[in-house]
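Q: Only the shape, not the letters, is given here:
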């Protein structure tokens, strides 16, 4: 096709989609604008974001042109997701909607009526990109994540190009700002490419954008500095913007191919200069330019619905009528005998072959595209009898070994990645470097360790960038882990919320199939911030996520390394969830054999027989590895003091907003009584905020018997034991609490109760003094070993 | 002083502080290195981040030089806060530590022994910048916030310069990346300046940084693109880096003065090009260059403690000994008769006059520097009898009017700001634009509205940047508000956590005085996302913050506009807290006179007599404005159905992790019984996750009687009423729940219970069908007005 023909076709395509987008926002009938508008054609309530739609359409058409021309796979991530009428218009045009929703959205006037009537309506189509819409891998509501998700999607998909449209509003967010840095990380040899297009329409909801007021020169400088090759396309320039844009897309496509060709030959491509298109068009382009002297086009006034009184105001209605007429949609289609739409041949020339349409990309639907993981052998990795019960081991080291073996076993599948904010070593996962490296496309120096172009560990000190990449990687069917300092997991809490929303909403969509879960590993826990102190003590992420739907959030708090291995395996096997694994990185006592750990993982709650008596007078429970150590130490203590008292120890390793343990305890509440007894006091030692457990057991009728201990927001740079002292989770506190419960129950008398309490308080004072004087924990605390 | 003299003095100063930083990390005795080291001099456990210390020291000395030279106020924000030994060394040298801690840290050898012994030790000094240290306004643990906090501190402090040292690790975070954009916002005419210094030492904890592998040209491009004037200082260049740096600091200082002078004359300064210094020095500069062939200096190996076996290994000890000796500290001081340290005259020439030392800046301590707010007149602003009980009004509009009046009343004090992610209009606060504008230093077009250089509203679409600025603004004694969409408040949850940690830790520091609270306003609530849908429905921030210490977090959920006004006033009057105000932006029924609202605000919980019966059979409670409307509607319904049943309505408007209402209900739990009765069922309709209320009332012995309703993670683009239908918070659900409780209590019989339930379920089905068919709520829902 000649360029003139192409441009002509593109213009028609965009006219059609602009028309359909506008139609969705305003019309409840006469949706093809076959006759001039009447007030009665207008929806009673006008919703939607018009301003960004024309840009989305313009880019969509240009992507289609490349798909058709090169027969290549593209996905399209729309950062300004609120321009959903544009996305929907294109999904209709290319036939994806009629494919997935043949009954409600047939490829005819009825289909268009459906998308118009139901746009932004109750029980209709949401107003921003969403999983109900084909091809979308990102909820379009919260801004800032499009680029990082795009980078994640192309990892290990060497033929894929993710075109990411970034709004200039979105580009002001921190997460987006740091997403540019991923060009350091993604290998052009073995991964696909992201083609970012920044849509500089100059305005946000009520004011100008940062980029909107920058000169071409400033934009060019900034993106060259970021390591990209910027291509500016601007409607204010003399050359037709359609010509500019096809040239820009061709240049960008050629550059991507060139970088990939070089990297895939023997050349070591350092600092690949990926293209970025900076696309300047007016906000609300092709809409109503001005109304009664007020500038609408090219102004924030076009952000949402313009001429919004058209249901009642003649002037507004006429403006809308003229606007719709300007697209001359009638000229662009015919109907065949069956009433099906037959678009103009030029338009058809831009509709990709079915399987290549952006809305049909199989990568975006889960299910069969999931690249299943071959699991390492737990028998081989776990601690066996060489580490007797109570002796020390390392949870995170073991997790690292699991990941190392998994990387090895899945070398060919290329379906596994670690995304870490520079903490793979610090979180003790370094065993992975026996098998792989950190990915780095910028210069590598001779003294650098564990770095190569093809490393499978993605490290940069931006939690936002990394979690976005993990999102993109998992929703396209691969497996990943985001290990991070517990305290800084809060940085991505909003992203995790949006991820959960995407996954939860996906579960209700018939064509979306299960996805690998997103696995967040919290380590460097609050109890062991001996060095880092107060800023690094924060269990908020765990607490906040446990207010969410139990279908999407599970938290696993293995008490030792073998449990950690079992839960690591589980987390990768889980589907359609966000799992939180909580494991300390320091040496800790080991409690369970692999077999026992597997048994406990079935229920998420287990009575530890080896530490428990029959017919207990009282129950002690632990959830979290460091606090479990304190529990076990308190058992030794209290049994010395009260040899005849019978105690049960319960280990809790799974939490969800359904409560403690697996779902079965919610469904069969009497099982909770079997574990926690029907009437005995329970002292519960928890890793995080006590409130977290309070809310989870509120509905359990026995919850009044629980005394819940946990992090009380007290801490600083101090010793591990002193953290327990400050927050009331130490072994001595537990003895005090158990003694109090026993006294209340009449198991011990007042004298004994007072004597034990006094003894324990004295030990707490002594220990605190020792710690103050020596800066370390007393030797009997530091080297404590369980024996029974 | 000649430049040679200056350079000489700087070198001595930095030698001294490098020595003192090193000493703190390694030595428990022989801290002045008066004799060669012995193994016994070394601490048992070595902690700290050496690698960044020399850079912090180098910059500190250079700031001191400017202070002395120009007699001007500087504060110093240290992004790489983990290099605390360096900060502490300077605070010692300049005398700030001895000023604030005369007994423990005198200006002599004992003082140095103290800071060495207690560095990173239990009950000692934390390992990163913290409020216990003078001059610090930011916890130094979580990276990414130094620059935005710096920008916030200089707002409305025209003479202040905030030098912000940004680590090249920190510079990879999203929040930091977006912080550069503040140059669009801060007026050089009426605010001070930030001098950012990016410390490019090339490495993070275990790998290279993004900037560390960039060329000078790339760095220059990026920062020029960002709108700054970059000045590169590099130890690898031929010229002495001390000479480079003094020149760079002089140039930067002159540029700042020039921009300010121009802006403060009649010139309209568009796009002020603030200087930024890009400072390249080796990580661990002046430490151990290499050890046994391993590159330490200029490598990530220097990040933390190098030669860390020096307590036992002779080679390590010798390396440390030589390293310490290289500073020749003995040459730099003498002791007078009293044992006080008298530093070399050159060093003394760089110690600022007391009140100007960075550690003595009164701006950083709260108390008397707080610029008190003159409050608007609530009588004038509130809804009076012209809006009868149950008629409609607007909470956020009223808050906007309060802010407008406050801006007016405090025009001269310049002590109030709004920080909003582009949502001042969208959150209905537009009344403020009658008095002020949005600040904007880039070009302003003729059609732009409410924008000027001097606007007091700071808008950019980066929650991270804005919250950081609010942090900087409030901890230096001014008042601010961060209004945001409820759902996106999660973006700053981690920053809010760190803010709370700073404030909570500050409360224990004798020289820190009360600070204005940080006020987060959540609007555009989940119930009214008719247009935006699922991604915009998220009460997680509120839930998460309510796990934190009640001393620092209060949440206020006013039920109407008059209550909103009262709580707005309260939030600004509060000290040392983070307040969360939750208020919908749509039209809602008004319930309380100003007087009633004031009465309710005292306790945070109130029985609404006008809606309650004596001796109730059941209690209905509401917390949140939209859900309160449903409560009131359910009262009308149930009273029609069961005219003889007596019902009490309780409105809850204050929450903290202490529970419902003000602290007195925690202290006097029997007051809860007075409100909620001793034995009657309670149906509680809550705005957010039900779990949030469950954890708050867990400890109240009557909590078993509560049936808690709230957001169950169900929603989409739908009508306001349908959100209640989906989540079980609608008026019909409440009637069902009340009827069930009444049946359980024997107040109504089974027939009546079944009849009411059936009726309500039918209404729910009918309404849902109506909504599905019409896309809007039935008229009797939309126009519902309370009358009694």
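A: All right, it came through fine. Bear in mind the structure is a predicted one, so any value in this text is a computation, not a measurement.
Q: Would you mind listing what in the stretch 601-750 of chain A touches chain B?
A: Within the stretch 601-750 of chain A, the positions adjacent to chain B are A:657, A:689, A:691-692, A:694-696, A:698-699, A:701, A:703-704, A:712-713, A:716-719, A:722 by C-beta under 8 Å from any C-beta of the partner chain. Just so you know, the C-beta spots here come from the backbone N, C-alpha and C atoms, and that holds for glycine as well.
Q: what about 10 Å?
A: Applying C-beta under 10 Å from any C-beta of the partner chain, we find that the stretch 601-750 of chain A lies next to chain B at A:657, A:688-699, A:701, A:703-704, A:706, A:708, A:710-723.
Q: So which of those residues are in strands?
A: Among these, DSSP state E puts A:706, A:708 in strands.
Q: Now, of the residues of the stretch 601-750 of chain A next to chain B, which are buried?
A: A:657, A:688-699, A:703, A:706, A:708, A:710-711, A:713-723 (16 or more other C-beta atoms under 10 Å in any protein chain shown).
Q: for the helix or strand harbouring residue A:634, which positions count as buried?
A: Residue A:634 is part of helix A:625-641 when elements are defined by DSSP states H and E. Using 16+ other C-beta under 10 Å as the test for burial, helix A:625-641 gives A:625-639, A:641.
Q: same thing with stretch A:70-87?
A: Buried residues in stretch A:70-87 (16+ other C-beta under 10 Å): A:73-87.
Q: what do you get for stretch A:676-687?
A: Going by 16+ other C-beta under 10 Å, stretch A:676-687 has these buried residues: A:676-677, A:680-687.
Q: ditto for stretch A:228-243
A: A:228-235, A:241-242.
Q: re earlier: could you identify the most distant pair in the buried residues of stretch A:70-87?
A: A:73 and A:82 (26.3 Å; C-beta to C-beta).
Q: Sort out which of the buried residues of stretch A:70-87 are in helices and list them.
A: A:84-87 (DSSP state H).
Q: and which of these is nearest chain B?
A: residue A:84 (9.5 Å; C-beta to the nearest C-beta).
Q: Contact partners for that closest one?
A: A:21, A:24-25, A:48-49, A:52-53, A:56, A:78, A:91, A:119-120, A:125-130, A:133, A:136, A:140, B:533, B:717 (C-beta atoms under 10 Å, 6 or more residues apart in numbering or on different chains).
Q: 6 Å - rerun?
A: Neighbouring residues of residue A:84 by C-beta atoms under 6 Å, 6 or more residues apart in numbering or on different chains: A:127-129.
Q: now residue A:671
A: residue A:665.
Q: How is it assigned, secondary-structure-wise?
A: Secondary structure for residue A:671, judged by DSSP: H, G, I helix; E, B strand; the rest coil, is helix.
Q: Just give the nearest non-adjacent residue to residue A:484, would you?
A: residue A:421 (5.9 Å; C-beta to C-beta, 6 or more residues apart in numbering or on different chains).
Q: Would you mind confirming that that neighbour makes contact with residue A:458?
A: No - with contact defined as C-beta atoms under 6 Å, residue A:421 does not count as touching residue A:458 (9.9 Å).
Q: Quickly note the distance from the residue of the stretch 51-200 of chain A found nearest chain B to residue B:580.
A: Nearest residue of the stretch 51-200 of chain A to chain B, counting by C-beta to the nearest C-beta: residue A:141, 2.4 Å away. According to C-beta to C-beta, to the nearest Å, residue A:141 stands 21 Å off from residue B:580.
Q: now residue A:201
A: From residue A:201 to residue B:580 the distance is 34 Å (C-beta to C-beta).
Q: who has more neighbours, these two?
A: residue A:201 (30 against 24; other C-beta atoms under 10 Å in any protein chain shown).
Q: The residue lying closest to the more buried one once chain neighbours are set aside: what secondary structure?
A: Nearest residue to residue A:201 in three dimensions, chain neighbours excluded: residue A:283, at 4.0 Å (C-beta to C-beta, 6+ apart). Judged by three-state DSSP, the three-state class of residue A:283 is coil.
Q: Next, count neighbours for residue A:283.
A: 28.
Q: ok, the nearest residue to residue A:583 once chain neighbours are set aside - contacts?
A: Spatial nearest neighbour of residue A:583, chain neighbours left out: residue A:395 (4.2 Å); criterion: C-beta to C-beta, 6+ apart. Each residue near residue A:395 by C-beta under 6 Å, 6+ apart is listed here: A:561, A:564, A:583.
Q: Which of those fall within helices?
A: A:561, A:564.
Q: Can you tell me which of the contacts of residue A:395 is nearest chain B?
A: Looking across the contacts of residue A:395 and measuring by C-beta to the nearest C-beta, the closest to chain B is residue A:583, at 19.3 Å.
Q: Can you read off the pLDDT for that closest one?
A: On pLDDT, residue A:583 comes in at 98.
Q: Now do the SS call for the closest residue to residue A:42 other than its chain neighbours.
A: Among residues not flanking residue A:42 along the chain, residue A:311 sits closest, at 3.9 Å (C-beta to C-beta, 6+ apart). Following three-state DSSP, the label given to residue A:311 is coil.
Q: go on, the one 4 residues further on?
A: State at residue A:315, reduced to three classes by three-state DSSP: helix.
Q: What is the neighbour count of residue A:761?
A: 13.
Q: typo on my end, it should be residue A:593
A: For residue A:593, using other C-beta under 10 Å, the count is 16.
Q: again, but for residue A:351
A: For residue A:351, using other C-beta under 10 Å, the count is 18.
Q: shouldn't it be in contact with residue A:94?
A: Yes - contact criterion C-beta under 6 Å: residue A:351 and residue A:94 qualify, at 5.3 Å.
Q: related to what we said a few turns ago, tell me the pLDDT of the residue nearest to residue A:484.
A: 95.
Q: repeat for the one 3 residues further on
A: With respect to pLDDT, residue A:424 scores 95.
Q: Regarding it, what is its secondary structure?
A: coil.
Q: Quick one: the strands in the stretch 351-500 of chain A, in order.
A: A:392-393, A:416-420, A:438-439, A:451-452, A:457-459, A:479-485 (DSSP state E, counting those that start in this stretch).
Q: For the stretch 151-300 of chain A, which residues are neighbours of chain B?
A: Applying C-beta under 6 Å from any C-beta of the partner chain, we find that the stretch 151-300 of chain A lies next to chain B at A:169, A:172-175, A:177-178, A:181, A:184, A:204-206, A:210, A:213, A:218, A:221-222, A:224-225, A:295, A:299.
Q: So which of these belong to strands?
A: Filtering those for strands - DSSP E - leaves residue A:295.
Q: circling back: mind checking how far the residue of the stretch 51-200 of chain A closest to chain B is from residue B:299?
A: Taking C-beta to C-beta, one finds residue A:141 at 43 Å from residue B:299.
Q: same check, this time on residue A:355
A: Taken as C-beta to C-beta, the span from residue A:355 to residue B:299 is 50 Å.
Q: quick one, which of the two is more surrounded?
A: residue B:299 (24 against 9).
Q: and the residue nearest to residue A:484, how many neighbours?
A: Counted with other C-beta under 10 Å, residue A:421 comes out at 30.
Q: How about residue A:291?
A: Counted with other C-beta under 10 Å, residue A:291 comes out at 15.
Q: got the contact list for it?
A: residue A:319.
Q: does it have beta-bridge partners, and which?
A: For residue A:291, the beta-bridge partners under DSSP bridges are residue A:294.
Q: Need the mean per-residue confidence for stretch A:607-614.
A: 98.
Q: ugh, wrong one, I meant stretch A:714-721
A: pLDDT averaged over stretch A:714-721 gives 92.
Q: how far is it from where the chain is centred?
A: 31 Å (C-alpha atoms, centre = their mean, to the nearest Å).
Q: what does it contact?
A: A:527-528, A:533-534, A:537, A:723, A:726-727, A:771, A:777, A:781, B:120, B:122, B:126-127.
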